[in-house]
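J.: My questions are about this predicted structure, shown below with the sequence.
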Amino acid sequence: MLKIISQSEKQTKLLAQKMAASLKGGEVLALIGELGAGKTFFIQCLGQSLGVKEKITSPTFILFRTYKTNHPKIKTIHHFDAYRLKRTNDLVALGALEFFGRKQDLAVIEWADKIKSILPKKTTFIKIKIIRGGKARELIIKGPTGLLGKLLLKK
């Protein structure tokens with residue numbers, strides 16, 4: 001587990017850049033946090049770091065979006081939002097499981113706590129919590145030791 005306090009959007013962006021540099025494709029990132037915690041912002045920063053040219057927006061009403069990257073290993077980001085799901089099977093019925101773990105892809109899920117039961121064992125969980133009156137964020141990252149080790153080395 002890795003706990004990081006981000007004092008600003010700039011620091012959060014730097015963390016997303018470090019994480020992007022540590023990714024090699026096939027990862028599943030599961031974001032958890034209350035409304036306004038910064039889940040979509042984190043994914044936007046991650047996408048920018050991987051060379052996504054279009055604006056990344058939360059797919060709350062359509063459940064997922066796909067973005068092409070300009071990265072040598074990760075070709076596509078699949079961005080899911082489980083906020084409006086009533087049942088986990090709704091996402092399964094859309095074929096979401098096909099996108100988890102693809103070697104040249106990255107899957108990122110907002111409100112992942114709602115679909116935890118269908119996520120792969122090697123999923124990296126990123127819990128974002130608003131702290132200090134809304135000025136800062138606490139990010140708790142749990143996942144495969146390889147990714148966490150790379151993040152620790154890049155501090």
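T.: Looks like it arrived, so ask away.
J.: Next one, pLDDT for the spatially closest residue to L97 that is not a sequence neighbour please.
T.: Spatially, and ignoring its direct neighbours in sequence, L97 is nearest to I118 (6.6 Å; Cβ to Cβ, 6 or more residues apart in numbering). Every C-beta, even on glycine, is put in place using the N, C-alpha and C of the backbone. Note on I118: pLDDT of 91.
J.: before we move on, what about K121?
T.: 92.
J.: On the three-state scheme, it is what?
T.: coil (DSSP: H, G, I helix; E, B strand; the rest coil).
J.: Tell me the spacing between it and L63.
T.: Distance of K121 to L63, computed by Cβ to Cβ, to the nearest Å: 23 Å.
J.: more crowded one of the two?
T.: L63 (17 against 6; other Cβ atoms under 10 Å).
J.: most remote residue from this protein's center?
T.: G133 (23.9 Å; Cα atoms, centre = their mean).
J.: for it, what are its contacts?
T.: Applying Cβ atoms under 8 Å, 6 or more residues apart in numbering to G133 gives no contacts.
J.: Wasn't it part of a strand?
T.: No: with three-state DSSP as the criterion, G133 is helix rather than part of a strand.
J.: average pLDDT across the helix ranked longest in the chain?
T.: Criterion DSSP state H: the longest helix present in the chain is helix 9-22. Helix 9-22 carries an average pLDDT of 93.
J.: Just list what that helix packs against, helices and strands only.
T.: Counting by 3 or more Cβ pairs under 8 Å, 6 or more residues apart in numbering; DSSP states H and E, the packing neighbours recorded for helix 9-22 are strand 2-6, helix 39-49, strand 136-142, helix 145-153.
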